[in-house]
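A.B. asks: Below is the sequence, then the predicted model.
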Amino acid sequence: ELFFGSCSSSSEMAFRTVPTTPIADQKTGTSGLRKKVTVFQQPHYLENWIQGLFNSLPQEQLHGCTLVIGGDGRFYNSVAIQKIICMAAANGVGKLLIGQNGLLSTPAVSAVIRETHSYGGIILTASHNPGGPNADFGIKFNVSNGGPAPESVTDRIYAATQALREYKIADLRPVELSAVGTTSPLPHFVVEVIDACEIYARLMERIFDFPAIRALFRRPSFRFLFDALSGVTGVYAKRIFVDILGAPAEALVNCTPLEDFGGHHPDPNLTYAKHLVDRMYAAQGHVPVLGAASDGDGDRNMILGDHFFVTPPDSVAVIAHYWRVIPYFAREGRIKGLARSMPTAGALDVVAQRMGVEFHETPTGWKFFGNLMDAGLLSICGEESFGTGSDHIREKDGIWAVLAWLSIIAHKSAALPLDKCATPADIMREHWTTYGRHIVMRHDYENVDSAAAAAMMQHLMTAAVGHSEADLKALAKDPTAQKCDSFTYTDPIDHSVSPNQGIRFYFSTGSRFVVRLSGTGSSGATIRLYFEAYDSSPAAPTADPKSSLAPIVAAALNATRIAHFTGRDGPTVVT
């Protein structure tokens, strides 16, 4: 069926309505809709989700609104953007702000939405998942605060996709995205291609003391290495670290975005960021003082020193401790609050207690932090899954975390001779002496059969949650087993209740392990086991994590019966 937009007769453009039927597997979570590329390439698959999104939004708000569009550059990114342009035109959207070459990191999308007061944004990413024709693709919607759509919105999107009978699309020529500029494919519909870095870089310059970081890069004793894992962050790393702050070009590796991320898994951890890890743990040659990596869409980060790994819980705790060296916080003269996700170790809790500031423990998912930020209750937060950020935007932010560490090292190095420099190991050992050490490890069992993963969780709910100490000691085969519960969160802002957010198993030693299923994969299930022990003894800074956590790992393997349910001898990834 053809119909016509409200165009002048000289430039009438036909819109088409295309018959379709609902697709059952389009349930959208906080991380969006993630599937294999081949699924998104199926007839009507992407179009159905986009139309469901547009139908779910109040039509009086959608018509004439401005949306931000961009992605991490993975395979199918450019195809999807052209389809979104055509459907936005047909559904009455007034303007699209699209990153040059279709690229925008997830943190940059949040920043652009907030800076331009846009209605929302569509992000094309599967985050840290692999890219390529046979790998993963994803799409998600961010709302006007720049954060991921809350569950109430994603539920409406899914409901709309399940009621779909047709979608609307305009027959437009492909829009050129390689050059910054504005075009109007239709009257009352504008596409503006924006510099992918400009708004974000300006924001970082307002947040951090760039002159101090420039001075750090000029120190002969300081060497830096950043690995973008061939993801979108490479564009921002070149603009900020090299062009603005003066880092040498050779400090950047894998900083050209590639559709398949160079055949690698763009996940900044000790397993997948192998090039960076090899450089930072090299037996010979000059090892950089600070090494860092980000993921496919730029919201995650990993921090390394010379033969030293900074765990994500420690990283956010150190940033919180040194909040005064970041002008964004120093100007306000206070920290509003601190927060971490439930599986994240309690290093931040101790800092919050010592500082006397409000503290929150939330489920995994940045939207929970966003609610606290919008209410003025939260400044700095983090997740153990390599996510760190603040209330400058409503997404976690990899480049922000690296700039925070550069700021801390610059501050600690300022009083040292030029031939010396503070290191992440120095900073962490001093922190542990002050606060004690939370020793952590995570085991990921990836692409597990979904039914087997669900059966394991049900086993724990039945055999462990709420049971007596005696039952738990027998189940875990550990005499210090004490308590097991299922984490439920009541949001203090909107009072929504989020049950079954992970199972927590505590020991009388103060240690714990946590079990939860992750929703960030495109197929199967990922079981995550989190292990944590606290050590405030003088020996804590030199404690070996593997040895310290061995009893908890053994107890967890016994209690979960993970080998039985998954058929696996061990985890896919250990961090």
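C.D. replies: Structure received.
A.B. asks: going forward, measure contacts between C-alpha atoms and count neighbours the same way
C.D. replies: OK.
A.B. asks: how far away is Phe241 from Glu205?
C.D. replies: Remark: distance between Phe241 and Glu205 (Cα to Cα, to the nearest Å) = 11 Å.
A.B. asks: ok, now Ile122?
C.D. replies: 25 Å.
A.B. asks: which of the two has more neighbours?
C.D. replies: Relative neighbour count places Ile122 above the other of Ile122 and Glu205, with 24 against 16, counting by other Cα atoms under 10 Å.
A.B. asks: what about that one, helix or strand, and which?
C.D. replies: With elements taken from DSSP states H and E, the one containing Ile122 is strand 120-124.
A.B. asks: which helices and strands sit right next to that strand?
C.D. replies: strand 66-71, helix 106-116, strand 136-142 (3 or more Cα pairs under 8 Å, 6 or more residues apart in numbering; DSSP states H and E).
A.B. asks: Indicate each strand paired with the first one and its parallel or antiparallel sense.
C.D. replies: Okay, so that is strand 66-71. Sheet pairing here is set by DSSP bridges, and for strand 66-71 it gives strand 95-103 (parallel), strand 120-124 (parallel).
A.B. asks: For the stretch 401-550 of the chain, just list every one of the helices.
C.D. replies: Along the stretch 401-550 of the chain, the segments classed as helices by DSSP state H, counting those that start in this stretch run 424-435, 450-463, 469-476, 545-560.
A.B. asks: Including distance to Ile493 and mean pLDDT, could those go into TSV?
C.D. replies: Listed next are these as TSV, based on distance: least, Cα to Cα, whole Å; pLDDT from 0 to 100:
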stretch	distance to Ile493	mean pLDDT
helix 424-435	30	96
helix 450-463	29	96
helix 469-476	35	98
helix 545-560	34	96
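A.B. asks: can you list these in a markdown table and add distance to Gly567 and mean neighbour count?
C.D. replies: Formatted as a markdown table, the entries for the helices of the stretch 401-550 of the chain read as follows, by distance: least, Cα to Cα, whole Å; neighbours: other Cα atoms under 10 Å:
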| stretch | distance to Gly567 | mean neighbour count |
| --- | --- | --- |
| helix 424-435 | 38 | 17 |
| helix 450-463 | 9 | 17 |
| helix 469-476 | 19 | 18 |
| helix 545-560 | 13 | 18 |
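A.B. asks: Just tell me which of these ends up closest to Phe189.
C.D. replies: Within the helices of the stretch 401-550 of the chain, the stretch nearest Phe189 is helix 450-463; the backing value is 43.7 Å (Cα to Cα).
A.B. asks: Just the C-alphas of the closest one, formatted as PDB.
C.D. replies: Backbone C-alpha positions of helix 450-463 (Å, rounded to 0.1, in the frame of the first residue of the first chain) are rendered in PDB as follows:
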ATOM      1  CA  SER A 450      19.900 -22.400  28.400                       C
ATOM      2  CA  ALA A 451      17.800 -25.200  29.900                       C
ATOM      3  CA  ALA A 452      20.900 -26.600  31.700                       C
ATOM      4  CA  ALA A 453      21.700 -23.100  33.100                       C
ATOM      5  CA  ALA A 454      18.100 -22.700  34.300                       C
ATOM      6  CA  ALA A 455      18.200 -26.100  35.900                       C
ATOM      7  CA  MET A 456      21.300 -25.200  37.900                       C
ATOM      8  CA  MET A 457      19.800 -22.000  39.100                       C
ATOM      9  CA  GLN A 458      16.600 -23.900  40.200                       C
ATOM     10  CA  HIS A 459      18.800 -26.400  42.000                       C
ATOM     11  CA  LEU A 460      20.300 -23.600  44.100                       C
ATOM     12  CA  MET A 461      16.900 -22.000  44.700                       C
ATOM     13  CA  THR A 462      15.600 -25.300  46.000                       C
ATOM     14  CA  ALA A 463      18.700 -26.700  47.800                       C
END
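A.B. asks: got the angle between that helix and helix 469-476?
C.D. replies: Going by axes from the mean of the first three to the mean of the last three Cα atoms, to 10 degrees, helix 450-463 is angled at 150 degrees with respect to helix 469-476.
A.B. asks: Show me what helix 450-463 is packed up against.
C.D. replies: Helices and strands touching helix 450-463, as assessed by 3+ Cα pairs under 8 Å, 6+ apart, comprise strand 525-535, helix 545-560, helix 562-566.
A.B. asks: so what's the residue nearest to the spatial centre of the chain scoring on pLDDT?
C.D. replies: Centrality entry for the chain: nearest residue to the mean C-alpha point is Asp299, 4.2 Å, by Cα atoms, centre = their mean. pLDDT, Asp299: 97.
A.B. asks: wait, it sits on Arg394?
C.D. replies: No: Asp299 is not in contact with Arg394 according to Cα atoms under 8 Å; the separation is 10.7 Å.
A.B. asks: quick one: low-confidence parts of the stretch 251-400 of the chain?
C.D. replies: Confidence mapping of the stretch 251-400 of the chain against pLDDT under 70 gives zero matching residues.
A.B. asks: For it, which segments count as helices?
C.D. replies: Going by DSSP H, counting those that start in this stretch, the stretch 251-400 of the chain shows helices at 274-280, 312-321, 327-330, 347-355, 366-374, 398-413.
A.B. asks: Show residues contacting the longest one.
C.D. replies: If you take Cα atoms under 8 Å, 6 or more residues apart in numbering as the criterion, helix 398-413 is touched by 204, 208-209, 212-213, 215-216, 233, 236-237, 292-295, 298-301, 303, 319, 322, 325-326, 387-389, 420-424.
A.B. asks: export that helix as PDB, just CAs?
C.D. replies: In PDB, the C-alpha atoms belonging to helix 398-413 read as follows (Å, rounded to 0.1, in the frame of the first residue of the first chain):
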ATOM      1  CA  GLY A 398      35.500   3.300  29.100                       C
ATOM      2  CA  ILE A 399      37.400   6.500  28.000                       C
ATOM      3  CA  TRP A 400      36.200   8.300  31.100                       C
ATOM      4  CA  ALA A 401      37.700   5.600  33.300                       C
ATOM      5  CA  VAL A 402      41.100   5.700  31.500                       C
ATOM      6  CA  LEU A 403      41.100   9.500  31.900                       C
ATOM      7  CA  ALA A 404      40.300   9.100  35.600                       C
ATOM      8  CA  TRP A 405      43.300   6.900  36.000                       C
ATOM      9  CA  LEU A 406      45.500   9.200  34.000                       C
ATOM     10  CA  SER A 407      44.400  12.000  36.400                       C
ATOM     11  CA  ILE A 408      45.200  10.000  39.500                       C
ATOM     12  CA  ILE A 409      48.700   9.000  38.100                       C
ATOM     13  CA  ALA A 410      49.300  12.700  37.100                       C
ATOM     14  CA  HIS A 411      48.400  13.800  40.600                       C
ATOM     15  CA  LYS A 412      50.500  11.200  42.400                       C
ATOM     16  CA  SER A 413      53.500  11.900  40.100                       C
END
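A.B. asks: now it, how far from the chain's geometric center?
C.D. replies: How far helix 398-413 lies from its chain's middle: 19 Å, per Cα atoms, centre = their mean, to the nearest Å.
A.B. asks: now stretch 107-115
C.D. replies: Relative to the mean C-alpha coordinate of its chain, stretch 107-115 is positioned 14 Å out (Cα atoms, centre = their mean).
A.B. asks: Relative to Gly64, which of the helices of the stretch 251-400 of the chain is closest?
C.D. replies: The minimum distance between Gly64 and these falls on helix 366-374, with 25.6 Å, by Cα to Cα.
A.B. asks: Beta-bridge partners for the residue nearest to Leu104 when sequence neighbours are not counted, please?
C.D. replies: Closest residue to Leu104 apart from its sequence neighbours, by Cα to Cα, 6 or more residues apart in numbering: Gly70 at 4.6 Å. Using DSSP bridges, the beta-bridge partners of Gly70 come out as Ile123.
A.B. asks: Got the confidence number for Gly70?
C.D. replies: For Gly70, the model assigns a pLDDT of 98.
A.B. asks: And for Asp209?
C.D. replies: Residue-level confidence at Asp209 comes out at 98, pLDDT.
A.B. asks: same check, this time on Gly73
C.D. replies: Gly73 is assigned 97 on the pLDDT scale.
A.B. asks: Tell me which of the helices and strands packed on helix 450-463 sits nearest to Pro220.
C.D. replies: Shortest distance between Pro220 and these, using Cα to Cα, is found for helix 545-560: 33.1 Å.
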